[in-house]
Every structure is written in structure tokens, then in C-alpha cells.
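A.B. asks: sequence first, predicted coordinates after that:
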Amino acid sequence: MRSLTYFGSLIKEQPLINDHCMYEKLTAPTTGSKITFEDGNPIVPNDPIIPFIRGDGTGIDIWPATEKVIDAAVKTAYGDSKKINWFKVYAGDEACDQYGTYQYLPEDTLTAIKEYGIAIKGPLTTPVGGGIRSLNVALRQIFELYACVRPCRYYPGTPSPHKSPEKLNVIVYRENTEDIYLGIEWTEGTEIAQKLINYLNNELIPATAEHGKKQIRIDSGIGVKPISKTGSQRLVRRAIEHALRLPKAKQMVTLVHKGNIMKYTEGAFRDWGYELATSEFRDVCVTERESWILSNKEGKADISIEDNARKVEPGYDSLTPEKKQEICDEVKGVIDAIWDSHGDGKWKEKIMVNDRIADSIFQQIQTRPDEYSILATMNLNGDYLSDAAAAVVGGLGMGPGANIGDTCAIFEATHGTAPKHAGLDRINPGSVILSGVMMLEYMGWQEAADLIKKGIGNAIANRQVTYDLARLMEPKVDPPLKCSEFAQAIIDYFND
Ligand SMILES: NC(=O)C1=CN([C@@H]2O[C@H](COP(=O)(O)OP(=O)(O)OC[C@H]3O[C@@H](n4cnc5c(N)ncnc54)[C@H](OP(=O)(O)O)[C@@H]3O)[C@@H](O)[C@H]2O)C=CC1
Ligand SMILES: O=C(O)CCC(=O)C(=O)O
Ligand SMILES: [Mg+2]
């Protein structure tokens, strides 16, 4: 298989005919209107045209189920006053069937998503090792869908390996365009990989004192992990804006990173996150450390700066004088800057911004799930964490997602193509249906979204579930519903 190039020349401006783009092989619906964007938010007509990609593998089962549930919810909620005009576009195996060998992501598809602004998709296959790079990732990068939003909440009755899965109610806000996931890497043994390794070993590493005598083995593959201030801050900005819309008790943003080890990438993500929170969102945010400093003073009005520093920093007394001074400066800086606006308990009304090291957050979401709300992560950490959080609340069949940018959004589940279940009408369509719920909410069609959530909740509570949930229920549900039957059960339970 040869590789594809995605970037650069793609999404050419297409000539318009009667206000619609021209396509090589697609015909847009003849009825319906375009969604547009203003200040990063969608303006949605009552008859939007929405492109969908069926998806590979189990997409063949999941998509028809999803479309049926979304249409039924819109019809039940709004009668004939609102309607989605679906526009089938192609990616993955289906695209190769339509457009020819290796045409995994045709320009028609990109043009349609660009033209209509909001799309929804099933999963697409990515081979491990060689072969094409991920189409899913390419779509996010091409459209600058920088925030991958993956809520994990529990529907009562869902079987879970955890004792109290209802305590987990988090939203993973995952940076979607950079990190190792950018895919800039070179195969071991190639000329460029060897050139790069030699350059690093002979010039850059020796020129950087902190790297000492480290060397990279010549038989290494090399990947690049860029983490930018721009990419980090626009993600954290969206996460904080989301936190502002949550109930008070959930107004928290946790910056997840491995900054103790990767200081200038993961550590920088944390620092840029705090910098944004305490500049752009100063009035509405407090950091965890600031809250400690303020509450120390609230507990003892005349506490000295040094005693306050001692309480904030474990092991303060064994620090170097320079480090002690740094902590004291921080304490004084916080009190001078925000005591009036945040002190005397006012900080308790603000959004709490804290940070946790990535490995520790994996155990925290299991042992202390209710202490977390929005988890802002870089790309790779968020990939792992969103599958792990989905497992706590019932598995990948219940893990929806959205990829959001400033002028486009694509909705898709957390899971992949689950090939062994493809075409058997047995897979759980819940996660793509819930991605549809996120899409309806994003469009402002809350009544339709609420109907689906109610239908899913009722179906699960009545043990009307697919194989994945059925096998974990006590007593077991046998036989489980098929994928298509689960969709119908959701619709039947809209009004129960
Ligand atoms: N956004 C996307 O399109 C994504 C695409 N992928 C791609 O998908 C392909 C397959 O990846 P793989 O690692 O197998 O991961 P998958 O997420 O596709 O599947 C792994 C397992 O998770 C469970 N599962 C997945 N989806 C569902 C569902 N809807 N309902 C119930 N259970 C589900 C199944 O477990 P069990 O069999 O035990 O019931 C399944 O075998 C790869 O090519 C990968 O790159 C992966 C992730 C995201
Ligand atoms: O694109 C893929 O194949 C995998 C992507 C993935 O795992 C994810 O986005 O969670
Ligand atoms: Mg993943």
C-alpha cells in the first residue's frame, strides 16, 4: 500500500453552482440549507444538510441504527418544523470502492465537510505499522478540529467492572492536532532516520549541557513530539469555556501531563494551561495552589508569607534559599494579586484549575472519580484516558465523542471499527448514537438530544441491551438485542 498525502493542496476552493460546490461523484441533497459559523459557534437552520461517513468494519451496522434514532428523535421533538438532510460522503474502504484504489479520503468528501460545517462519521480502519496513516486523524488535522471532546458518564443499570461507576462523570478534552499523534516519524534504518540520529548525537545533544553524554541508538525509529503554546492554549481555552457552562460542583479543569519526565513538551502544556487560566480567565478561575495560599490566610489572617509558603510546599525547610525565596515570592504574588477578588472564600465560586501527572490520573479516575470533571490532555494521553474512562462506565459501546474546531465539527465515537463484529448486526451502536446526541446539543437541538438520552437510559434500565452490556449484567441478558433492535428499543423508550 502506498502512503497518502493529505496536506497542502487539499480542500481546494471549488467553483459554486447555484451556491453549492461542484463534486466529482457526489450529489448534494436537493433540499436543505447550510450550517455556517460565527465566532466559533454554529448557526443552524431548521433543515441543515449534514454529511455522514458510514465507516469501515462495524460502521455498516452502526450507521443505519444511528441515523434511524436521530431522525426519530428530531421528528418526535419537532414534528415537521426541523429535519436533517443527510448527505452520504465517502471515506475508507467505501471510498476506494467508489473512487478507485487508494482513494481513501477523496477530495469530494473534504469539500462536502468544508461546505456544510458539521459532519458525523463511523470508525475508519488504520493498519498498524506500514500502510496508510489514520484517516480519522487526518480529518481532525485537515479541519483544525483541535478539541476532541469525549464525555464519560454513567447510565443507571449499565454493567461496569467498578463498584460505583456512577461517581465517574468526566469529559476528556483532548488536544487533537499535534503531539506524537502528528505522525512525523521516520523508519529505522532509512537515510533520513540515520541522518537525523547522527545530527542529534553529534551536534544537538552535545550542545545541550543538560543532555550530558546521552546518545540515541542508530537502529532507532524516530518520532517527533511537538507541543505548541498555540495548540495547548486553544484546547485549554475551550475546556475552561466548557467548565463555565457546567453546574458549580463540576466547574473544574484538570491539566493532565507527564511533565515530570517530558518537561518542555508535557510540562509546558501544564504551564501554558495555567498561564491561560490566570490571564484570560483571571476573574473566573483559581488554581489549586492559589486556593491553598488563600485558604491558609483565611484560616489565620496574620499568617506570615513564610509560614504560608511552608504549608503550600511540602519539604519547604529543606529547600535551597533560592527555592525558598521563589515560593515566598509566589505566595506574596498571589495574595497581592487576587486576595481582594478571590480571598475570603470567594475562590470557592471560581473554576478550579489543577493538574495531575498522567499515570496517576489513570488510578484517580478509578479510586476517586468524583473529584474530577474536565480532563484537559495532550493527544496521546487523551487517547488512552478516554478508552479507560469509557471502560469504567460500561465500555467502548458507550463512549461518544466530538472533534471541534472554530469553523467545523465532526462527531464520532471513541472506539474503532471492531472488525470481528462487522456485519453481524450485534455491535452496540450506543457510542455513535451518543455522538449524535452531542451533535444535536452542539446544534442547539436539545429536545431531540434529551429524547435519545432518555431512550438509552430507559432501554438499559429495562435490560434491553446489546451483547457487550448483556454479558456483564447480573443476571445475564440472554439473548441480547441486535444492534438494529437496540436502536428500535431506544426509539420505543423515548416517551416511557
Ligand atoms: N475514530 C476511529 O475511527 C477509530 C478507529 N480505530 C481503528 O479501528 C480499528 C480496530 O481497532 P481496535 O484496536 O480493534 O479497537 P476497537 O475500538 O475497534 O475495538 C476493540 C474492542 O472494543 C470493543 N468495542 C469497540 N466498539 C464497540 C462497540 N460499538 N460496542 C461494543 N464493544 C465495542 C469490542 O470488544 P469485544 O470484542 O471484547 O466485545 C472490540 O473488539 C483499527 O484499525 C484502529 O486504528 C480505533 C479507534 C478509533
Ligand atoms: O485513527 C485511528 O485509527 C485511531 C484513533 C484513535 O484511537 C482515537 O482517536 O481514539
Ligand atoms: Mg483511541
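C.D. replies: Yes, it's here. Ligands and ions are numbered 1, 2, ... in the order given.

A.B. asks: is Gln141 located within a helix, as I assumed?
C.D. replies: Yes - applying DSSP: H, G, I helix; E, B strand; the rest coil, one finds Gln141 inside a helix.

A.B. asks: that one and Cys148, how far apart?
C.D. replies: Remark: distance between Gln141 and Cys148 (Cβ to Cβ, to the nearest Å) = 12 Å. Where C-beta positions appear, they are placed from N, C-alpha and C, glycine not excepted.

A.B. asks: shared neighbours of these two, which are they?
C.D. replies: Asn176 (Cβ atoms under 8 Å, 6 or more residues apart in numbering).

A.B. asks: these two: which is more packed in?
C.D. replies: Residue environment comparison for Gln141 versus Cys148 gives the larger neighbour count to Cys148, 25 against 20, counting by other Cβ atoms under 10 Å.

A.B. asks: check contacts around that one.
C.D. replies: Taking Cβ under 8 Å, 6+ apart as the criterion, Cys148 is in contact with 140, 172-176, 379, 382, 386, 401-404.

A.B. asks: what's it sitting at in phi/psi?
C.D. replies: Reported as degrees, to the nearest 10, the phi and psi values for Cys148 are phi -100, psi 110.

A.B. asks: now do the spatially most central residue of the chain against ligand 1, distance only.
C.D. replies: Among the residues of the chain, the smallest C-alpha distance to the mean C-alpha position (Cα atoms, centre = their mean) belongs to Cys148, namely 2.5 Å. To ligand 1, Cys148 is 10 Å away according to Cβ to the nearest ligand atom, to the nearest Å.

A.B. asks: bridging residues for that residue?
C.D. replies: In this structure, Cys148 bridges to Arg174, Asn403 when assessed by DSSP bridges.

A.B. asks: get me the contact residues on the stretch 101-250 of the chain for ligand 1.
C.D. replies: Applying Cβ under 6 Å from any ligand atom, we find that the stretch 101-250 of the chain lies next to ligand 1 at 123-126, 136.

A.B. asks: in TSV: those residues, plus secondary structure.
C.D. replies: As requested, these are arranged in TSV below (three-state DSSP):
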residue	secondary structure
Pro123	coil
Leu124	coil
Thr125	coil
Thr126	coil
Asn136	helix
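
A.B. asks: taking those residues, please make a PyMOL selection of just the buried ones.
C.D. replies: Isolation of the buried members of those (16 or more other Cβ atoms under 10 Å) is achieved in PyMOL through the command below:
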select buried, resi 123+124+125+126+136
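
A.B. asks: could you list the low-confidence segments of this protein?
C.D. replies: For the chain, the stretches flagged by pLDDT under 70 are 1-18.

A.B. asks: 50 instead, please
C.D. replies: Within the chain, the ranges that satisfy pLDDT under 50 run 1-9.

A.B. asks: domain ranges for it?
C.D. replies: Residue ranges for the structural domains of the chain, counted by automatic domain parsing, are given in the record as 1-146+400-496, 186-223.

A.B. asks: most packed of the ones you listed?
C.D. replies: Compared across those, domain 1-146+400-496 shows the largest average neighbour count, a mean of 19 (mean count of other Cβ atoms under 10 Å).

A.B. asks: the residue in the chain that ligand 1 sits nearest to: helix or strand, and which one exactly?
C.D. replies: Taking Cβ to the nearest ligand atom as the measure, the chain has Gly416 as its residue closest to ligand 1, at 2.2 Å. Using DSSP states H and E, Gly416 maps to neither a helix nor a strand.

A.B. asks: tell me how far the nearest residue to it once chain neighbours are set aside lies from ligand 2.
C.D. replies: Counting by Cβ to Cβ, 6 or more residues apart in numbering, the nearest residue to Gly416 once its immediate chain neighbours are dropped is Pro123, at 4.7 Å. When Cβ to the nearest ligand atom is the yardstick, Pro123 and ligand 2 sit 8 Å from each other.

A.B. asks: surely Pro123 touches Asp61?
C.D. replies: No - at 11.2 Å, Pro123 does not count as touching Asp61 under the criterion of Cβ atoms under 8 Å.

A.B. asks: quick one on the thing from earlier: got the contact list for the residue of the chain closest to ligand 1?
C.D. replies: Taking Cβ under 8 Å, 6+ apart as the contact definition, Gly416 lies against 57, 123, 125.
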